[in-house]
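Visitor: Return a 3D structure for these sequence lines:
(one chain, ligands or ions: 3)
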Amino acid sequence: MLFDDQDFQETIASVLVPVAVPKAYTYKVPPGQSVVPGTIVRVPLGPREVVGAVWDIEPDAAINPKKLKSITRVYDQTPPLDEDLRRFVDWVANWTLGAPGMVLRMVLRSEEALEPEPPVPGVRRVEGAEPERQTSARRRVLETMEDGFAWTRSGLAHAAGVSPSVIDGLIQQNVLEVVSMPAAPPPPKPQLDYARKKLTDAQEAVAAGLVSTFEKGTGVTLIDGVTGSGKTEVYFEAIAEALRREKQALVLLPEIALTEQFLRRYEQRFGVYPAEWHSEITPKNRARVWRGVASGDVRVVIGARSSLFLPFRELGLIIVDEEHDAAFKQDDRVPYSARDMAVVRGHISGFPVVLASATPSVESHVNAEIGRYTLYELPERASGAALPDLQAIDMRLDGPERGRWLAPRLVHAIKDTFAAGDQSLLFLNRRGYAPLTLCRTCGHRFQCAHCSAWLVEHRFQKRLVCHHCGHFEPVPDNCPSCQSANSLVACGPGVERVAEEVSDLFPQARTLVLSSDLPGGPERLKREMKIVEEGGADIIIGTQLVAKGHNFPKMKLVGVIDADLGLAHGDPRAAEKTFQLLAQVTGRAGRVTGGGRGLLQTYNADHPVIKGLLSGDKHAFYQAEIEARRVAGLPPFGRLAAVVVSGPDKIFAEGYARALARAAPPDEAVTLLGPAEAALAMVRGRHRYRLLTMAPRQFDLQSYLRRWLNQGPKPTKGLRVQIDIDPQHFM
Ligand code: ADP
Ligand code: ZN
Ligand code: ZN
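Guide: Ligands and ions are numbered 1, 2, ... in the order given. This is a model prediction of the structure:
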């Protein structure tokens, strides 16, 4: 049979590759291979090969295929990325002004996942074969294998309680045969009614509301419930509903340290563990979760913000817990807000999204107010326990003596709490021993050589550390500037220094510092969180890590060492963020049994944030804050975008930032501020200048920025321009 010319016509595909270019590149599809939009492929890119995804099939590209490179590999064992996910990638790129390939990169986070996991050797009983001589060890092995399934050698030895040599002996005698078995069986399915807690009437009403949103398909629900009101128990019912509808569910948490407790609670409710996705999981598990999510074997994922980009086969629910948390904002590469993008993903695919917090963001409050989100409130704790009694300690009047950080009233309260056998938490959002070290003789201050930041003394590690670039150096014996010996003094407290004072005051108490940077990493943290949960520590000194989500049943007192710390930031959300953080952390007190107390050390007892916290009238605080934002045209009533210029040369970076500002297209709707030297003027040797644009809510700020950057001078000589839509961090 003769072939028509048509049959030899080559297919041309545009492939999105994981690099920062604005568009997909075109490639030839090798003969005999078929691809569709979403197919994951390998393509040559300059001197290397990269994994990308087919974004489109060019119907009649006016390109000479001879000039095109060919796709080198089609991953046909992996399902193509579906249309919803591709639309989501494009949407995020368009919104953030990021390169679509860089967004895709967040989807293709595990190259290992694209190949099936190689089978592992296992052993199986040879039917009818008996060992030459029966021993009790051998009998145990054969009994363990009665179900007829294959086992791994070590798994079998462990299960039967014998040494692996017993198994080897049975293989030699041909009683067992070596077979290859799948590396990981599919994870067990969650059991919807495994152990459903009896919900309170208030919780039941919210759960019913969440379940009803599935009828509508899409929609965002905000659960505004005080700490301990049982938001988790309630949204578990939404997860159960998604599973009942044969959909997958995703729970986003702001902090990996929270997952441990969450995993256990989930297991208690559904009888199995959910899959985890965050930076700490091993490449092998990462690949398994990715594959399982794509195949549908994994039904529920709990993860950090990046799990939003997993290739779910049939995602039907996203829950964003602690939705107000700034950790949901990614600042580098593609700056995006996982909370906001979760709402977008739900909208694209038509499924419900649930936001939960004891202190929702002003944005979500306003969205609830104008009816865009459905609001449910849980104003009481599930246990019926009262919310903690909060009081301020005015440091101007009742502060500690010089060189001490705990006011006498706080010390007294810790003493009473300790005497009663309960736990105290001292909260200070500052890692290390002291935020600044200086020389008493010459005034020399220890600063990072690469960043405009003081070096923070970490006494446990005997180092001075830069919290921005990670640079560290040993604490010297002599001042590097004037050579005086014993002249260095620590200024201000970090958690380690507070811990020192606590040990001094309460030598009998078991104290524990919880901070993300202590040796031992996440494993240690998990262990320590558990110790606290089980009552194995009396006084805990912690950074914001302890503020989030955790349930510490024995905790009765929360002392905030410096309630003013966040207020000084030049950030339009400084008040909101401080309120949220302090409400969260004091909310750790007396969650289960009540009788909790919170003491806030402050020099600004009259500040609206402090007053709002003490009055217990959260609504009044939010109303005032919302009004202030409305008047100032700040988010969510206006839109902000930051443009950060950075470069190795200070003069050059500043000059470019000015030229860029001059090139901004005039538009009445847009206010342009800056350029100004960033609060963190230098990071990792790069000098930084910030421009800020403000516009009314309806204004298409993205189009404006695109126009501006297209027309404006192009960055050269190592300059970088980073756009941050709706910035959260103003450093
Ligand atoms: P939130 O997430 O709102 O802070 P949690 O869901 O963590 O609250 O609940 C706080 C504590 O109360 C947990 O220990 C939880 O198991 C318990 N709890 C919540 N609801 C119930 C309920 N209906 N019955 C029994 N215990 C509950
Ligand atoms: Zn000196
Ligand atoms: Zn540094």
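Visitor: Next one: the nearest residue to R497 once chain neighbours are set aside from V585, what distance?
Guide: Leaving out its chain neighbours, the residue that sits closest to R497 by C-beta to C-beta, 6 or more residues apart in numbering is Y433, at 4.9 Å. Glycine gets a C-beta too; all of them are placed from N, C-alpha and C. Distance, Y433 to V585, by C-beta to C-beta, to the nearest Å: 21 Å.
Visitor: what's near enough to touch A490?
Guide: Residues counted as contacts of A490 (C-beta atoms under 8 Å, 6 or more residues apart in numbering) are Y433, A434, L436, T437, E457, R497.
Visitor: Filter the residues you listed down to just the buried residues.
Guide: Among the contacts of A490, those buried by neighbour count (16 or more other C-beta atoms under 10 Å) are Y433, A434, L436, T437, E457, R497.
Visitor: Cross the contacts of A490 against strands and list the overlap.
Guide: L436, T437, E457 (DSSP state E).
Visitor: Let's have those residues in a markdown table, adding pLDDT.
Guide: Shown next, in a markdown table, are these (pLDDT from 0 to 100):
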| residue | pLDDT |
| --- | --- |
| L436 | 93 |
| T437 | 94 |
| E457 | 93 |
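Visitor: just those now: which is nearest D571?
Guide: L436 (21.3 Å; C-beta to C-beta).
Visitor: who does that closest one bridge with?
Guide: Listed beta-bridge partners, L436: C491 (assigned using DSSP bridges).
Visitor: That one and R630, how far apart?
Guide: Distance from L436 to R630, by C-beta to C-beta: 38 Å.
Visitor: list the buried ones in stretch 308-322?
Guide: So, applying 16+ other C-beta under 10 Å, buried residues of stretch 308-322: 308-313, 315-322.
Visitor: Pass me the low-pLDDT residue ranges in the stretch 1-150 of the chain, would you?
Guide: Low-confidence segments of the stretch 1-150 of the chain (pLDDT under 70): 1-9, 59-62.
Visitor: Are the longest strand anywhere in the chain and ligand 3 in contact anywhere?
Guide: Secondary structure assigned by DSSP E gives strand 671-683 as the longest strand of the chain. No - Strand 671-683 is not in contact with ligand 3 by C-beta under 5 Å from the ion; minimum separation 6.8 Å.
Visitor: what bridges to V354?
Guide: Beta-bridge partners, per DSSP bridges, of V354: T221, I319.
Visitor: Count the neighbours of it for me.
Guide: 30 (other C-beta atoms under 10 Å).
Visitor: Please report how far it lies from A208.
Guide: 14 Å.
Visitor: Packing partners of the longest strand of the chain?
Guide: strand 638-647, helix 650-662, strand 686-696 (3 or more C-beta pairs under 8 Å, 6 or more residues apart in numbering; DSSP states H and E).
Visitor: ranges for the helices of the stretch 501-650 of the chain?
Guide: 521-533, 574-586, 608-615, 618-632, 650-662 (DSSP state H, counting those that start in this stretch).
Visitor: wait, which of those helices is closest to Q447?
Guide: Across the helices of the stretch 501-650 of the chain, closest to Q447 is helix 650-662 (C-beta to C-beta), at 15.7 Å.
Visitor: what angle sits between the closest one and strand 671-683?
Guide: 160 degrees (axes from the mean of the first three to the mean of the last three C-alpha atoms, to 10 degrees).
Visitor: State the mean pLDDT of helix 650-662.
Guide: Across helix 650-662, pLDDT averages out at 96.
Visitor: For that helix, what is the distance to the chain centroid?
Guide: Mean-position distance between helix 650-662 and its chain equals 34 Å (C-alpha atoms, centre = their mean, to the nearest Å).
Visitor: Nothing else from me, thank you.
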